[in-house]
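K.L.:
build me a model:
(one chain, ligands or ions: 1)
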Amino acid sequence: MPRTVLVTGGNRGIGLAIARAFEKQGDRVAITHRGSGAPEGLFGVQCDVTDAASVDAAFSFVENELGPVEVLVANAGITDDTLLLRMSEEQFERVVDTNLTGAFRVAKRASAKMLRAKWGRMIFISSVVGLYGGPGQVNYAASKAGLVGVARSITRELGTRNITANVVAPGFIETEMTDVLPESRKAEIMKAVPAGRLATPDEVAAAVTFLASDNAAYISGAVIPVDGGLGMGH
Ligand code: NDP
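P.N.:
Next up is the predicted model:
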């Protein structure tokens, strides 16, 4: 059955691959952007996840055009890496506000309609770094680890209403976020990843569409790694 899907930050990178995967299987897909517009063929809505009013307006727009959001993919995220000693409180809070509080804002806004429909899927895009840690990433790791608590608490709150909440934790994926890494850092990563390569955004999208499917109805509160074995055991 086609669903209405909203992917935050779906204008590029992993979010775009996720949006395309849902589009391919016939769902009604909306993506958010912050002014860049929507990629060809996708329904776009402007939204800044750090602003609750912007989130509310974006959801209302999508609901009017495509119907209530049944599948929410909280994907929008940023990094602002630096060592703990140098990290300002503002740097810490800005990353947490986007990655963690932003996910809370969209999940909260989506939940009322999911409750009414007695069906819903929430998928939070975390990172292997959330549970593995990363030097220079105290802010990012904290925000991504926090998503696990969010998904698990939502699972306990809304589990009886056919609403699932899961986390997908990608490892290193070929996107603009990893393009900026120095070659030496990339070589280090390849050595650490059992699969010996970066993943494609489509490999993340495959896990997300599975979690949104009827076949995944009994999977909730899970953390699904898509990391080539990098974070095993976490
Ligand atoms: P990109 O940097 O390519 O894209 C980030 C997306 O988030 C963009 O669409 C951007 O919008 C959006 N965004 C950022 N801030 C906000 C905001 N305040 N409000 C709304 N949208 C916002 O990232 P990736 O595709 O690489 O990453 C997507 C997700 O996957 C992120 O959560 C990231 O942390 C996670 N991830 C990525 C990994 C990787 O290797 N690339 C590994 C593990 C996790 P805009 O275009 O307007 O800037």
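K.L.:
and the pLDDT for the residue nearest to Ala74 when sequence neighbours are not counted?
P.N.:
By the measure of CB to CB, 6 or more residues apart in numbering, the closest residue to Ala74 outside its immediate chain neighbours is Ala103, 4.0 Å from it. No exception for glycine: its C-beta is placed from N, CA and C like everyone else's. Confidence per residue is given as pLDDT, and for Ala103 that number is 99.
K.L.:
same question for the one 10 residues further on.
P.N.:
The predicted local distance difference test score for Lys113 is 98.
K.L.:
ok, residues contacting stretch 169-180?
P.N.:
12-14, 79, 125-128, 130-131, 144, 186, 189, 193, 198-201, 203-204, 223-228, 230-231 (CB atoms under 8 Å, 6 or more residues apart in numbering).
K.L.:
mind listing the helices in the protein by residue range?
P.N.:
Ranges of helices in the chain, per DSSP state H, are 13-24, 52-66, 89-96, 102-117, 128-132, 138-158, 176-179, 183-192, 201-212.
K.L.:
of all the ones you listed, which lies closest to Leu83?
P.N.:
Using CB to CB as the criterion, the shortest distance between Leu83 and those is 8.4 Å, found for helix 138-158.
K.L.:
can you pull the residues of the chain lying near the ligand?
P.N.:
Taking CB under 6 Å from any ligand atom as the criterion, the neighbours of the ligand within the chain are 8-9, 11-15, 32-34, 36, 47-50, 75-78, 98, 102, 125, 127, 170, 172-173, 175-178.
K.L.:
let's see 5 Å
P.N.:
On the criterion CB under 5 Å from any ligand atom, the ligand has as its neighbours in the chain the residues 9, 11-14, 34, 48-50, 75-78, 98, 125, 127, 170, 172-173, 175-178.
K.L.:
just the buried residues of the residues you listed.
P.N.:
9, 11-14, 48-49, 75-78, 98, 125, 127, 170, 172-173, 175, 177-178 (16 or more other CB atoms under 10 Å).
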